[in-house]
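Enquirer: okay, predicted coordinates and the sequence, questions at the end:
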Amino acid sequence: LQKKVHITKLNSKNPSQGLTEDESAAIRLYTMQMNPAEKSIYYLLNETLRSEDRQKLIPWFSYLKLILVGLYKLPPVKRTIWRGIKMDLSEKFLKKSTFIWWGFSSCTESLEVLESEQFLGKQGTRTLFNIECENGRMITQHSYFKKENEILLLPATVFEVIGKTDVGNSLHIVQVKETKPLCSLLQDPNSPAQQGSHGNDSKEMRYLTIHKRRPYLTLTRLCTTVLLLAADSDKAPNDDV
């Protein structure tokens, strides 16, 4: 990981779109694949974001603020995008129902990218999400994989299921659109911290608020924190999408 952080910093000099080097590097580090994949930043972070125990997020607060500040500097993407999963998840998504993706979600605007065996492929059981997004972020200029046209959906994004269909060849398509929640589940890191308290026993109120009073953690210092988290991480597969 230390080597990955060093490479990331070197490749994030003079970033575009008004991001600082650390903000751009935080996004780039998120997109990098470790070996095994379970040690990757994206895997560990999303596993924690999906956990019912919000206390597990505390070691991540500084990194979350760093990456979110950078992402909020990028213009929102409002278009149809795609996300593919190599399993049948269609039964979990009922028409007109709403759901939340608590983790970051990597998507693409190109179906050709998903046809690669590295992602969705052309054979086997698959679920393809057709997503009408409102607040995605195009991270191409800050990604390790610049040819993928990757669009990153922010944590705690709420969706409504518009419809679904089985198109044959074990491919299921689920059409969803991003909707605005009744209350904000993810606070803009550039805005003042929200006041008030929320019940700790409500699964629906698993806020991801990142308070401004928490200091930045540079990527070099972050390395030690992530190494410890990786060592403690269980090997249960992610069942979120």
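Expert: Sure thing, it's come through.

Enquirer: the spatially most central residue of the chain and residue 173, how far apart?
Expert: Centroid-nearest residue in the chain, with Cα atoms, centre = their mean: residue 104, separated by 1.2 Å. Residue 104 sits 22 Å away from residue 173, going by Cβ to Cβ, to the nearest Å. (Each C-beta comes from the backbone N, C-alpha and C, glycine too.)

Enquirer: repeat that for residue 149.
Expert: Relative to residue 173, and taking Cβ to Cβ, residue 149 is found at 20 Å.

Enquirer: can you check residue 85 too?
Expert: For residue 85 relative to residue 173 (Cβ to Cβ), the value is 12 Å.

Enquirer: what does residue 63 give?
Expert: Applying Cβ to Cβ, the value for residue 63 to residue 173 is 34 Å.

Enquirer: between these two, who's got more neighbours?
Expert: residue 63 (23 against 16; other Cβ atoms under 10 Å).

Enquirer: give me the contact list for stretch 151-159.
Expert: For stretch 151-159, the surrounding residues in contact (Cβ atoms under 8 Å, 6 or more residues apart in numbering) are 27, 49, 68, 71, 77, 81, 98-109, 131, 133, 135-139, 176-181, 185-186, 206, 208.

Enquirer: endpoints of that stretch, how far apart?
Expert: 16 Å (Cα to Cα, to the nearest Å).

Enquirer: buried residues, that stretch. List them.
Expert: Using 16 or more other Cβ atoms under 10 Å as the burial criterion, the residues of stretch 151-159 that qualify are 151, 152, 153, 154, 155, 156, 157, 159.

Enquirer: if anything else comes up later, I'll come back, but that's it for now.
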